[in-house]
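A.B. asks: need coordinates for the below:
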Amino acid sequence: MNILYHVPLSPFCRKVRLSLAEKKIEVQLVEERYWELDADFLRRNPAGKVPVLKMDGKIFSESSAICEYLEEIHPTPSLLPEDAETRFEVRRLVSWFDDKFHDEVTANLLYERVNRKIHGSGYPVSANVKAGSKAIKFHLDYLAWLLDNRRWLAGDAMSLADFAAAAHFSSLDYICDVDWNRSAAVKDWYATLKSRPAFRSILADNVPGFPQPNHYSNLDF
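C.D. replies: Residues are numbered from 1 along each chain as shown. Below is the predicted model of the structure:
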């Protein structure tokens, strides 16, 4: 059995979960308290980060590397386009969300409001939360601009770029930190992704101490 060591609200884990589910690759989910630096987990990934995928007796780490590996061994359905230019755009947007969006928004909102409590590392830093609340508006506007010019974030077909973005937004949506009324195009894009079977396990996540909001599992918004 394939095993994914993960944290439910981690956008990096969710990106891998979406890819696995879209490709219909069965996997057992094992929650990993990576911040406790368990010796067994560190043997699986000395970097001490999730996600970690155990497949066919081998260990794989780093979310984007895992997703690209899955694309190579299970190319259907494809999450990376065939032409080089669009493939570049997918990778650029994945990097955008996993680096820039993560640093400016996810770290300042999700990590401050959720991770600090779970890790027992104190209360949210209000300046960071304020910065994240300001930054997410810019990113929502950027998504709206992309969707004004494209059917999906990177082009005409759904791709890993959409999963990377949706992974971050779904985690923030869990704590009600997304103003979906800011852009009808972004709201419709996300509602379409949420309606996919690949999203079902993510919508079922329930984090102790953070009750699932009523709207979270509502596919119609």
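
A.B. asks: tell me which residues touch residue 114, please.
C.D. replies: Going by C-beta atoms under 8 Å, 6 or more residues apart in numbering, residue 114 touches 9, 175, 207, 210. C-beta here means a position set from N, CA and C on the backbone, and glycine is covered the same way.

A.B. asks: again with residue 105
C.D. replies: Residues near residue 105 by C-beta under 8 Å, 6+ apart: 132, 135, 136, 139, 168, 172.

A.B. asks: and it, helix, strand or coil?
C.D. replies: Using DSSP: H, G, I helix; E, B strand; the rest coil, the secondary structure recorded for residue 105 is helix.

A.B. asks: that one and residue 207: what is the separation?
C.D. replies: Separation of residue 105 from residue 207 (C-beta to C-beta, to the nearest Å): 19 Å.

A.B. asks: now swap in residue 111 and tell me
C.D. replies: With C-beta to C-beta as the criterion, residue 111 and residue 207 are 13 Å apart.

A.B. asks: elements contacting the longest helix seen in the chain?
C.D. replies: Determined from DSSP state H, the single longest helix within the chain is helix 126-149. Other helices and strands packing on helix 126-149, by 3 or more C-beta pairs under 8 Å, 6 or more residues apart in numbering; DSSP states H and E, are helix 107-110, helix 184-194.

A.B. asks: just give the closest residue to residue 150, not the sequence neighbours.
C.D. replies: Excluding the flanking residues, the one nearest residue 150 by C-beta to C-beta, 6 or more residues apart in numbering is residue 156, at 7.1 Å.

A.B. asks: what's around that neighbour, how many residues?
C.D. replies: When counting by other C-beta atoms under 10 Å, one arrives at 10 neighbours for residue 156.

A.B. asks: same deal with residue 158?
C.D. replies: Residue 158, neighbours per other C-beta under 10 Å, totals 21.

A.B. asks: now it, nearest residue through space, not along the chain?
C.D. replies: Closest residue to residue 158 apart from its sequence neighbours, by C-beta to C-beta, 6+ apart: residue 152 at 5.0 Å.

A.B. asks: which residues does that neighbour contact?
C.D. replies: Contacts of residue 152 (C-beta under 8 Å, 6+ apart): 158, 159, 161, 162, 189.

A.B. asks: how big is the angle separating the helix or strand harbouring the third one from helix 126-149?
C.D. replies: Put plainly, it is residue 161. In this assignment (DSSP states H and E), residue 161 forms part of helix 160-174. Angle between the axes of helix 160-174 and helix 126-149 is 140 degrees (criterion: axes from the mean of the first three to the mean of the last three C-alpha atoms, to 10 degrees).

A.B. asks: how deep is the nearest residue to residue 122 once chain neighbours are set aside tucked in, by neighbour count?
C.D. replies: Nearest residue to residue 122 in three dimensions, chain neighbours excluded: residue 116, at 5.7 Å (C-beta to C-beta, 6+ apart). Residue 116 has 15 neighbours, counted by other C-beta under 10 Å.
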